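Undergrad: Following is a predicted model, sequence given first.
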Amino acid sequence: MQRRVIFDNRALPYLLLAPQVAVTLVFFIWPAAQALWQSVHLQDAFGLRSQFVGFENFAAVLSDPNYLQTVETTIVFSVSVTVLSLASALGLAVLADSKIRAAAAYKTLLIWPYALAPAVAAVLWMFIFNPDIGILGRALNDLGYAWDYRLNDGQALTMVILAASWKQVSYNFIFFLAGLQAIPRSVLEAASIDGAGAVRRFWTITFPLLSPTTFFLLVVDVVYAFFETFGTIHALTHGGPGKATETLIFRVYQDGVVNHDLGGSSAQSVILMVIVIALTAIQFRFVERKVHYS
Amino acid sequence: MPTRRKLAVPTAAFALAAGLTGAAHAQQKTVIEFWHGLPQPLGGQLEQVVKGFNDSQDKVQVNPTFKGSYPETMQAAIAAFRAGNAPHVVQMFEVGTATMLSAGPAIKPVHQLMSETGSGFDAAAYIPAVRGYYSSKDGKMMALPFNSSTTITFYNKDAFQKAGLDPNKPPATWPEVADAARKLKAAGVTCPMTFSWPTWTQFEQVGSLHDKPFASEANGFGGLGATLKINDPFFVKHLQTLIDLQKEGALRYGGRDNAADSLFPSGECAMIQASSGLRGRIVKEATFAWGAAPLPYWPDAISSPKNSIIGGAAFWVMTSPKRTADEYKAVAAFFSHLARPEVDAKWHMDTGYVPVTLQGFELAKKEGFYEKNPGAEVPAVQLTRTATTENTMGLRLGNLPEIRNIIQEEMERAFQGQQTAQQALDNAVKRGDTVLRNFERANKN
């Protein structure tokens, strides 16, 4: 009752909501509905002929051993990227938060990589690690270590994980830094007076109090690793060698845009959508319980 | 309300302006949108060719637009067609041919365009290996061939000298290539040989040279039911040779598509099997003496090799609900200009692409181009040296870009020792056939 009084016009609240609803409809609901429709149809590249095939596209995707391997690659990739970018960002944030000289300069430098587009970041990595034109890549080969990510699964996967994590460290760093600064100094000082060392203070006070931030970043990073690393992989390895660095989102692009298999690609999008919804639900249901909101 | 009125004025002005320019165009020139996929410097050279046409008459204005790599141009054209907004003309790489042919009403075949608009067009003017690639089953030209290339060998004469090899006698057969690569390695060359476009150079061309089918149904020309044939013992042996050479360090896998191209002009690799279109870049960048030679062959499989097949791209006419007869006429005029032997010969001599017309080839010979540029005739000679058979006409397989990728992936696994040559090619056939069956299913009426 109280709230309705704020708007004297009944249409106004709906009008104010309309842009957001429109954006959601146009950029989320409509494409998602199209994906659902496409996923049960078989269509030629030009969209001239289309027939209903039921769940055939899903059956084809799920029975493809290469798809299952891609799922595995995606899990390894996402877990590594999430853990690596969270851990290094937390470490850097703790260091930058301590009383050191030129802290502001460190902070600025650490935030910088976030401003780079994934493809640009990937090109930078290529100039470092390419075995023919990369500085480090050449040096490794000159030292007798056979470095060639074009023809070595492990090296390729390691490189895209590093490149993708590096890109996300900045984002995590900003949030961790803000989280750290929000922790009341008095609590930490009290612990110091009680004789707790730096490590103990971190694990018993800082880390638990940071958990809302960590949880938020966990969700964001998983979504990042799943969806936003496409540019990095595309620019660095194209999913190769073999299919060693092909993640689910890369394959959606490959099958849909490059190979013109819209049905199969849409079926994969739907599967991907289900996976991410499930992951987020699990995170909220189980991980959030352990989070301390002050 | 005041806000709305303010908005309405510029909208009306814009509509008026748009209407005016539309009317102005209709009175003056017919505008043709032309999308191409050639990066610099080739893209600029292509735009010069277009400019030559625009300057030669005052009825048609062709607007060339660079749309990214060939696959990206293809994707853009398809997306534009689906949105009802296709360009008049699109440059499409050769492996997209089957996809374009199955597009049905989305394209207007060139032979039909030319006869409908009453423009003279002689398909027999084109080199058979080129004509075959872009013709329908009954021999009618579906697209206008323009920039065709083929695969040849480029080799570093300085490195050959250093390794005690005759720089004027490039290896002609695979055993000789292997031998030369080993000698180069022994002489301290870190990368004796490489190849770009792995599927094109090592399977499509190797099949054509030895008259071996890449796929059944005459490489797909016979129908949508084709299956891959590359797990034949001949191809297995060929891939095994490559794997062995790579293990010895006599061969380097340079990556997918044309990633290996840069390894030759930089002096890193002493031999490369690559598109003849690479010539321009080598001329510009190489700081060593180099030569061009035909592709090697297996003497135990064929006594004298057949013609190689083409790569590169052709121009396709796309339809749209908004097209007018005038626009088709304008496209036909543009195509007639491109088909002229002078234009063809100039393009060939400027770029390293092969001449696509027989007269263009003659013209280049007459101008003394090959005396001045030794080795520049190798691609055209290799393309025309024999009459085409059903195995050397080219490929007509749906979703060939995807199949090329599959073969590259399986090769990469084999080069890493994760599977044998036989397993790699069995897998490639299995996965490639799935792609072909899906294409067949999606394109059956």
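TA: Great, that's in hand. Numbering: from 1, shown residues only, chains lettered A, B, ... in the order given.

Undergrad: Please count neighbours and contacts with C-alpha atoms only from this point.
TA: Noted.

Undergrad: which ones are touching B:Ala129?
TA: Residues touching B:Ala129, when contacts are defined by CA atoms under 8 Å, 6 or more residues apart in numbering or on different chains, comprise B:Asn307, B:Ile309, B:Ile310, B:Leu383, B:Thr384, B:Thr388, B:Thr392, B:Met393, B:Gly394.

Undergrad: can you put these in JSON lines and add neighbour count?
TA: Written out in JSON lines, the entries for the contacts of B:Ala129 read as follows (neighbours: other CA atoms under 10 Å in any protein chain shown):
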{"residue": "B:Asn307", "neighbour count": "27"}
{"residue": "B:Ile309", "neighbour count": "30"}
{"residue": "B:Ile310", "neighbour count": "29"}
{"residue": "B:Leu383", "neighbour count": "26"}
{"residue": "B:Thr384", "neighbour count": "18"}
{"residue": "B:Thr388", "neighbour count": "20"}
{"residue": "B:Thr392", "neighbour count": "31"}
{"residue": "B:Met393", "neighbour count": "24"}
{"residue": "B:Gly394", "neighbour count": "30"}
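
Undergrad: Which residue comes closest to the residue sitting nearest the centre point of chain B once chain neighbours are left out?
TA: Central residue of chain B (CA atoms, centre = their mean): B:Gly312, 1.8 Å from the mean position. Closest residue in space to B:Gly312, ignoring its immediate chain neighbours: B:Ser148 at 4.4 Å, by CA to CA, 6 or more residues apart in numbering or on different chains.

Undergrad: What is the subsequent helix or strand relative to the host helix or strand of that neighbour?
TA: For B:Ser148, the enclosing helix or strand under DSSP states H and E is strand B:144-149. Toward the C-terminus, strand B:144-149 is succeeded by strand B:151-156 as the next helix or strand (DSSP H and E).

Undergrad: Now do the same for the residue of the stretch 301-445 of chain B found nearest chain A: its pLDDT.
TA: Closest approach between the stretch 301-445 of chain B and chain A, counting by CA to the nearest CA: B:Glu409, at 3.9 Å. The predicted structure scores B:Glu409 at 92 on the pLDDT scale.

Undergrad: Run a quick neighbour tally on the residue in the stretch 1-150 of chain A positioned nearest to chain B.
TA: Evaluated by CA to the nearest CA, the stretch 1-150 of chain A has A:Asp44 as its residue closest to chain B, separated by 5.0 Å. Residue crowding around A:Asp44 was assessed by other CA atoms under 10 Å in any protein chain shown; the count is 23.

Undergrad: who's in contact with the residue nearest to it when sequence neighbours are not counted?
TA: When the adjacent residues along the chain are set aside, A:Asp44 lies closest to B:Ala442, with 5.0 Å between them (CA to CA, 6+ apart). Neighbour list for B:Ala442: A:Leu42, A:Gln43, A:Asp44, A:Arg49, A:Ser50 [criterion: CA under 8 Å, 6+ apart].

Undergrad: Return the member of those nearest to B:Thr97.
TA: For those, the closest approach to B:Thr97 (CA to CA) belongs to A:Asp44, at 14.4 Å.

Undergrad: so that closest one touches A:Ser50, yeah?
TA: Yes - counting by CA atoms under 8 Å, A:Asp44 sits close enough to A:Ser50 to count as a contact (6.9 Å).

Undergrad: and the stretch 151-300 of chain B, which of its residues are near chain A?
TA: Listed as neighbours of chain A in the stretch 151-300 of chain B under the rule CA under 8 Å from any CA of the partner chain: B:Tyr253, B:Gly254, B:Gly255, B:Leu263.

Undergrad: Now render the residues you listed as a markdown table, adding neighbour count and pLDDT.
TA: Putting these into a markdown table (neighbours: other CA atoms under 10 Å in any protein chain shown; pLDDT from 0 to 100) gives the following:
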| residue | neighbour count | pLDDT |
| --- | --- | --- |
| B:Tyr253 | 22 | 93 |
| B:Gly254 | 24 | 89 |
| B:Gly255 | 23 | 87 |
| B:Leu263 | 22 | 92 |
